[in-house]
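Visitor: Quick check, what structure comes out for this input:
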Amino acid sequence: MDSVDSQTGDAHPLVETLEEYAFKRLPEAATESLEEHLLVCAACQQKLREVDEYILLMKQATAARLEHPPLPASRLRAVPWGQWVAAAIAVLASIGVAIFLGLHRPEPAGPPQRVELVAFRGEDAAHAGAGRPIDLIIDAADLPGSSEYRIELVNASGEVISKAPATAAGGTLSVSLPKGLKRGVYWIRLLTPAGEPLREFGLRAD
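Guide: Numbering: from 1, shown residues only. From the prediction side, this is the model:
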């Protein structure tokens, strides 16, 4: 039995009727009547599209199950319990090894390399070996008297990737980067304790 639209008073086919039509199982007389209605009813056209999409999804899901059928319960029961336990232990062991390696990744080897920062933007950048600890040295002769400076390490995209204090000693400032740097171009910003920029140096890790 068809429903009636409360606003227009027109009869609308039920979803079941649209499904029979989509499966081409609707009698010929009912098909002609339905198609005449679909020509003028946008709401039922939309419902038919939704029915078609649902049928397509069901066909795709069925095809996927046929291509990769689940393992029969009888075969699951046929696998000895000991093999399941051994497989589970192997998986857990693999996960444990991965976690251990991640937590105990070796630090860069070798003593820190001393890199003096003297090149500003527009000049040749200082160079450092990639993946090795770095001690950055900055000449503090022309800097205002203060023992508290800090640096910002900026990558080529302008993103601040690290901040560190700069230690004053013997007319220079030193900054330690114990993990080193990946290959690429960087900028070193020297800042006052209040965050005011003083100098900016270029650094290339090769």
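Visitor: Show me where the protein has its helices.
Guide: 15-22, 28-40, 42-67, 73-78, 81-103 (DSSP state H).
Visitor: Buried residues, the longest one. List them.
Guide: Neighbour counts using 16 or more other Cβ atoms under 10 Å place 44, 47, 48, 51 of helix 42-67 among the buried residues. For every residue, glycine as well, the C-beta is placed using N, CA and C.
Visitor: Summarise which helices and strands that helix is packed against.
Guide: helix 15-22, helix 28-40 (3 or more Cβ pairs under 8 Å, 6 or more residues apart in numbering; DSSP states H and E).
Visitor: of those helices, which approaches residue 170 most closely?
Guide: Of all those, it is helix 15-22 that lies closest to residue 170, at 85.2 Å by Cβ to Cβ.
Visitor: okay, the angle between that closest one and helix 28-40?
Guide: Angle, helix 15-22 to helix 28-40, by axes from the mean of the first three to the mean of the last three Cα atoms, to 10 degrees: 100 degrees.
Visitor: in helix 15-22, what counts as buried?
Guide: If you call a residue buried by 16+ other Cβ under 10 Å, then helix 15-22 has these buried ones: 17, 18, 19, 20, 21, 22.
Visitor: Show me which of those is closest to residue 141.
Guide: Using Cβ to Cβ, residue 22 comes nearest to residue 141 of these, at 84.3 Å.
Visitor: Could you pull up the residues touching the closest one?
Guide: Residue 22 makes contact with 48, 51, 52, 55, according to Cβ atoms under 8 Å, 6 or more residues apart in numbering.
Visitor: Could you find the lowest-pLDDT member of the residues you listed?
Guide: Minimum pLDDT across the contacts of residue 22 is recorded for residue 55, with 85.
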